[in-house]
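J.: Quick one: sequence and predicted model below, then my questions.
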Amino acid sequence: MKLKKFTALILLAMLLSVFVVGCGNDAKTESEQPAEQSEAIKVGWVYIGVPGDYGWTYAHDQGRKYLEAEIPGVESIILENVPEGADAERSFEQLAQEGCSIIFGTSFGYGDAMLAVAEKYPDIKFMHATGLQTADNLSTYFGRIYQARYLSGMVAGAMTTNNQLGYVAAFPIPEVVRGINAFTLGAQSVNPDAKVKVVWTNTWFDPAKEKEAAKSLLEAGCDVIAQHQDTTEPQVAAEEAGKYCVGYNTDMHDFAPEGNLTSPIWNWGPYYVNTIQAVIDGTWASEAYWGGIDEEIVDLAPISDKVPAAIVEQVEAKKEALKSKQWDVFTGPIIAQDGTEKAAEGQVLTDTEMLSMDWFVAGVEGSL
Amino acid sequence: MLKLKLIRRENESTMARLIVPVLSIIMAFGCGWIFLALSGYLPAVVFAKMFNGALGSPYAISETIVKAVPLMVAGLAISLAFRMKLWNIGAEGQIYMGAFAASGMALALGNGSPYVIIPIMMIAAFAAGALWGLVPGLLKAYWQVNETIITLMLNYVAIYWVDYLVFGPWKDPNSMGFPLTPIFSPAAQLPTWGDSRVHLGLLLAGIIAIVFYLVVQYTRWGYEVRVMGESSQAAKYAGMNVAKNIMLVMMVSGGIAGIAGMIEVAGITHRLQQGVSPGYGYTAIIVAWLARLNPFAIIIVAFLFGALLVGGFAVQIVGVSFSITQILQGTVLFFLLAGEIFLRYRLVLAREEAV
């Protein structure tokens, strides 16, 4: 009996492959025609999520579309929803085999996979968003979103009535911690009594969980909700509760038309255009890019008309200061949650200090 | 009143066993074909890519094997428990515990002889997975606590435990605060075949399958497991120690799943990180079920399943979005499982008294 089952399965396997091969052969001729016609530059993308998230991946995908519109002849190949474990390396390898000249990976956890594949394909450029390791053909790129978060914190700090701000946060990694600190400092700059309550979700993209987290903050008395998440659900939760909220990644105003005050946003398009142009011109070089609001890779979405004009003016003034590089967010005095001084008066945190930030500023209510 | 009824088949014919799954798959692809055509894709192009991405080149096949290995091992783990009608859906957590224990050993032992370090990692992974299986086994054996719920709940405990470690004490000090342990020393990494990522885990899966088959088929204990799977009452009357065997089976099942976790960290990621298993423990349930708990069939079904998953990623290259590939994969599963029903049951038209 057992052997029969076994034989049956082997036969099934063989039949299955014959069937699929059958389809395969028909299709070959159809699929290979268009590729040979143009000498387009192929650009590969590995997304951690789906473009429909209206968050992180959506922002990258908007950048990709901008690139396609700006540089004709760009042909992009997208792999969505690629987990950070064993699947990542294969995805980058497949894009390399498809003939991509440059491949973007948009999640931190792709680091090992990108490094391994970059080593195998020295002629292909690899671009790792939020990454750590670089190589001759592997760059990292990211933006100083903390600058936009500071500005959004100013808006939130001005609009709270009870000084309780809520922050739905993904993972306790430096990127998120930095954002929370910047938001808190921004809020305190207009409202010294502002406190920020943090709830960790341990997920980047989980609509139900993020909404619950936002609700718990609302129930704890917070009257403005901010987020470091890739869904729009914390916005929806605040809207339903009749409270204010600050989005992230993209302008989330439409998801909470009454409550949304503004959103720190990503604007990858121009950076993608510059990068691809550099590849075409042969001027591309490996770098660790961390662009600020002056280079428009990060920005603040339009501020709601519910925010008083005086506050908007203050925000604009700070934005100009950031753009002119006269001033940056983590300029001392900066006091940590435990009371230690992290930066003295006038001292500015270095990039390395910011990139490995693992402490909260005073005024954050939460733990790492 | 006429009613459709499902009647259990006395005998399943070999022909049916062969034809039904093939027909199921053909129907699934037919359905997928129509769906793709309606969505504006060229079905032939999509299916060709699916095949090429999964099986069309030595590289593709090697990657399909890489994907299939944890499914094989976890599938074997699950099937042992399922043989005894113990619904261990905790393989996911057991994988994480195995990955945790193996990583702990790799990080603690540092560099040395792989002939020492790898067996130690394996034993530790087995022990951790076994412990994770023993908890629900104990509760089931002595207090009849539902093992399905306990194993499911323990999955979360294990996943969060690993999260805690990689965000906390085991975080690489050089990772700028990112949740990763340091890379294992070469001695704690499984050897691979040539340039590919196919690692020793494949051989281990084969060995486990053979041992599994021999033990269940030819030993006294294997016989007891089979009897208890059929009827625990009969087993009790025959003087078998059901409680002891529930615990033992859950331990061995958990231990094998733990090995799956070990081969994933030692063979692929070479460090402990979040999401070591993207749901292998759950997918393996389907694999075990479709293979009807037969160890050799599990190897083949896991390979085909790996092909379906890897091919699914590959079709995105021709512009098919992830959600569409999931629909295609879901269609194949739906038809296969539906086909199983018709293999096991006959559909009859029965006349019943109107109420």
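T.: Nice, I can see it. Everything numeric here is computed off the predicted structure, so don't read it as measured data.

J.: Got the domain ranges for the chain?
T.: The chain I'm using is chain A. If you go by automatic domain parsing, the domain ranges for chain A are A:41-143+A:269-295, A:145-263+A:301-365.

J.: I was thinking of chain B, sorry if that wasn't clear
T.: Split into domains by automatic domain parsing, chain B comes to B:1-41+B:320-355, B:66-315.

J.: and A:Val329, which of those is closest to it?
T.: Relative to A:Val329, the nearest member of these by Cβ to Cβ is domain B:66-315, separated by 18.0 Å. C-beta: built from backbone N, CA, C; applies to glycine.

J.: starting at the chain centroid, how far to the closest one?
T.: Relative to its chain's centre, domain B:66-315 lies at 8 Å (Cα atoms, centre = their mean, to the nearest Å).

J.: Just the mean pLDDT for that domain, thanks.
T.: What domain B:66-315 shows for mean pLDDT is 92.

J.: just the domains of chain B: most buried one?
T.: Highest mean neighbour count of these: domain B:66-315, a mean of 22 (counted as mean count of other Cβ atoms under 10 Å in any protein chain shown).

J.: hmm, back to that, could you redo the domains of chain B as TSV and give each row distance to A:Ser139?
T.: Shown next, in TSV, are the domains of chain B (distance: least, Cβ to Cβ, whole Å):
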stretch	distance to A:Ser139
domain B:1-41+B:320-355	26
domain B:66-315	17
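
J.: will you turn these into TSV that also has distance to chain A?
T.: Formatted as TSV, the domains of chain B follow (distance: least, Cβ to the nearest Cβ, whole Å):
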stretch	distance to chain A
domain B:1-41+B:320-355	4
domain B:66-315	4
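
J.: Of all those, which one is nearest A:Thr161?
T.: Among the domains of chain B, domain B:66-315 comes nearest to A:Thr161, with 34.6 Å by Cβ to Cβ.

J.: From chain B, how far off is the nearest residue to A:Ala362 once chain neighbours are set aside?
T.: Spatial nearest neighbour of A:Ala362, excluding adjacent residues (Cβ to Cβ, 6 or more residues apart in numbering or on different chains): A:Ile335 at 4.6 Å. As judged by Cβ to the nearest Cβ, to the nearest Å, A:Ile335 and chain B stand 20 Å apart.

J.: Backbone dihedrals for the residue lying closest to A:Leu349 once chain neighbours are set aside, please?
T.: Once flanking residues are discounted, A:Leu349 sits nearest to A:Phe330: 3.9 Å by Cβ to Cβ, 6+ apart. Phi and psi for A:Phe330, reported as degrees, to the nearest 10, are phi -90, psi 60.

J.: Compute the distance between A:Phe330 and chain B, please.
T.: 15 Å.

J.: Now whichever residue of the stretch 251-368 of chain A sits closest to chain B: phi and psi?
T.: Nearest residue of the stretch 251-368 of chain A to chain B (Cβ to the nearest Cβ) works out as A:Ser356 at 4.6 Å. A:Ser356 adopts backbone torsions of phi -120, psi 30, taken as degrees, to the nearest 10.

J.: Could you check the pLDDT of it?
T.: The pLDDT attached to A:Ser356 in the predicted structure is 88.

J.: I'd say it and B:Asn174 touch.
T.: No: counting by Cβ atoms under 8 Å, B:Asn174 is not a contact partner of A:Ser356; they are 9.9 Å apart.

J.: Check A:Phe183 and give its pLDDT.
T.: pLDDT, A:Phe183: 98.

J.: nearest spatial neighbour of it, skipping sequence neighbours?
T.: If the residues on either side of it in the chain are set aside, A:Phe183 comes closest to A:Gly153, at 3.8 Å by Cβ to Cβ, 6+ apart.

J.: circling back: what is the burial count for the residue of the stretch 251-368 of chain A closest to chain B?
T.: By other Cβ atoms under 10 Å in any protein chain shown, 17 other residues sit near A:Ser356.

J.: quick one, what contacts the residue nearest to A:Phe183?
T.: Shown in contact with A:Gly153 (Cβ atoms under 8 Å, 6 or more residues apart in numbering or on different chains): A:Leu165, A:Ala182, A:Phe183, A:Thr184, A:Leu185, A:Gly186, A:Ala187, A:Gln188, A:Ser189, A:Ala226.

J.: Secondary structure and neighbour count for these - can I get that in CSV?
T.: Formatted as CSV, these follow (DSSP: H, G, I helix; E, B strand; the rest coil; neighbours: other Cβ atoms under 10 Å in any protein chain shown):
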residue, secondary structure, neighbour count
A:Leu165, strand, 30
A:Ala182, helix, 27
A:Phe183, helix, 32
A:Thr184, helix, 29
A:Leu185, helix, 25
A:Gly186, helix, 27
A:Ala187, helix, 29
A:Gln188, helix, 20
A:Ser189, helix, 18
A:Ala226, strand, 36
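
J.: Show me where chain B has its helices.
T.: Here chain B has its helices, by DSSP state H, at B:14-38, B:43-55, B:58-83, B:91-109, B:114-143, B:147-167, B:201-218, B:220-230, B:232-237, B:242-264, B:280-290, B:295-314, B:322-344.

J.: ok, and what's touching the last one?
T.: Translated: helix B:322-344. Contacts for helix B:322-344 (Cβ under 8 Å, 6+ apart): A:50, A:80-81, B:6, B:8-9, B:12, B:16-17, B:20-21, B:23-25, B:27-29, B:31-32, B:35-36, B:39, B:41, B:50, B:286, B:290, B:308-309, B:312-313, B:315-316.

J.: likewise the shortest one?
T.: The set of residues external to helix B:232-237 that reach it, using Cβ under 8 Å, 6+ apart, is B:Lys85, B:Glu224, B:Val227, B:Met228, B:Val242.

J.: got the CA coordinates for it in PDB?
T.: The C-alpha coordinates for helix B:232-237 follow below in PDB (Å, rounded to 0.1, in the frame of the first residue of the first chain):
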ATOM      1  CA  SER B 232      -6.200   4.900  21.800                       C
ATOM      2  CA  GLN B 233      -8.900   2.800  23.500                       C
ATOM      3  CA  ALA B 234      -7.700  -0.400  21.700                       C
ATOM      4  CA  ALA B 235      -4.100   0.500  22.600                       C
ATOM      5  CA  LYS B 236      -5.000   0.900  26.200                       C
ATOM      6  CA  TYR B 237      -6.700  -2.500  26.300                       C
END
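
J.: and the spatially closest residue to B:Gly258 that is not a sequence neighbour, how far is that from B:Gly254?
T.: Nearest non-adjacent residue to B:Gly258, counting by Cβ to Cβ, 6+ apart: B:Gly129, 2.0 Å away. As judged by Cβ to Cβ, to the nearest Å, B:Gly129 and B:Gly254 stand 4 Å apart.

J.: what residues are shared contacts of those two?
T.: Residues touching both B:Gly129 and B:Gly254 (Cβ under 8 Å, 6+ apart): B:Ala77, B:Gln94, B:Met97.

J.: got the residues you listed as a markdown table, with distance to B:Gln233 columns?
T.: Converted to a markdown table, the shared contacts of B:Gly129 and B:Gly254 look like this (distance: Cβ to Cβ, whole Å):
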| residue | distance to B:Gln233 |
| --- | --- |
| B:Ala77 | 26 |
| B:Gln94 | 29 |
| B:Met97 | 33 |
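
J.: What is the nearest of those to A:Glu320?
T.: A:Glu320 has its nearest neighbour among those in B:Met97, at 54.0 Å by Cβ to Cβ.

J.: B:Gly258 is in contact with the closest one, correct?
T.: Yes: the criterion here is Cβ under 8 Å, and B:Met97 meets it with B:Gly258 at 5.8 Å.
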